[in-house]
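*Asks:* Everything below, folded, please.
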Amino acid sequence: RRLGNQTKIMSSPVLLGLSAPVAQRLGWDTRPVTWSEIAEAAGRREFSYGMTDPSASNSGFSALVGVASALAGTGSAVNADQIAAVTPKLTEFFRAQALSAGSSGWLSEAYQRRAAGTDQGQPVDGLVNYESVLLTMNAGGQSPRPLTVVYPADGVVTADYPLTLLSTADDAAR
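*Replies:* Numbering: from 1, shown residues only. Sure thing, here's the model as predicted:
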């Protein structure tokens, strides 16, 4: 009863950001790439990446849904049978994961620390994160290893950010 109408103020797809040399080596800086190709290359460990825990973070869960849907070839939501069928390929995708976190912000900070050599562990080649996080890292010069943002040609899961006014908000606030 206390909440009023929601207004969408921003949306941000979950994407892959790769260091420029790795994106160039894979050819993903010049041609469209799909989540299936990304998963297959990850399974072959052609690159390493960081991603949030899908059980704790929306960006990790969104990425998992996007990859699973692409591997299932449905172009839409997947069901339990399809998930079971693509589980081996998902397992391969996760083999390249070398960094995890519970939140998108902490993940980007950990990536930057590793890239700068101020954190334990090897630097990772990229991140699966919100477009807004990846672009902010690049624009702000926060990362010693700027990322090439890869927009999968077969689609993305997008997070929406609504602003919800209280029902008592006056007309000027609305």
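*Asks:* where do the strands sit along this protein?
*Replies:* 3-19, 49-52, 97-101, 126-130, 147-150, 158-166 (DSSP state E).
*Asks:* Mean neighbour count, the ones you listed: which tops it?
*Replies:* Among these, the stretch with the highest mean neighbour count (mean count of other CB atoms under 10 Å) is strand 126-130, at a mean of 29. Placement of C-beta: from N, CA and C, glycine included.
*Asks:* What pairs with it, parallel or antiparallel?
*Replies:* strand 3-19 (antiparallel), strand 49-52 (parallel) (DSSP bridges).
*Asks:* quick one: the longest one to strand 158-166, angle?
*Replies:* When you say that, I think you mean strand 3-19. 150 degrees (axes from the mean of the first three to the mean of the last three CA atoms, to 10 degrees).
*Asks:* and strand 3-19, how far from the chain's centre?
*Replies:* 12 Å (CA atoms, centre = their mean, to the nearest Å).
*Asks:* again, but for the shortest one
*Replies:* The gap between the average C-alpha position of strand 49-52 and the chain average comes to 8 Å, counting by CA atoms, centre = their mean.
*Asks:* Thanks a lot, catch you later.
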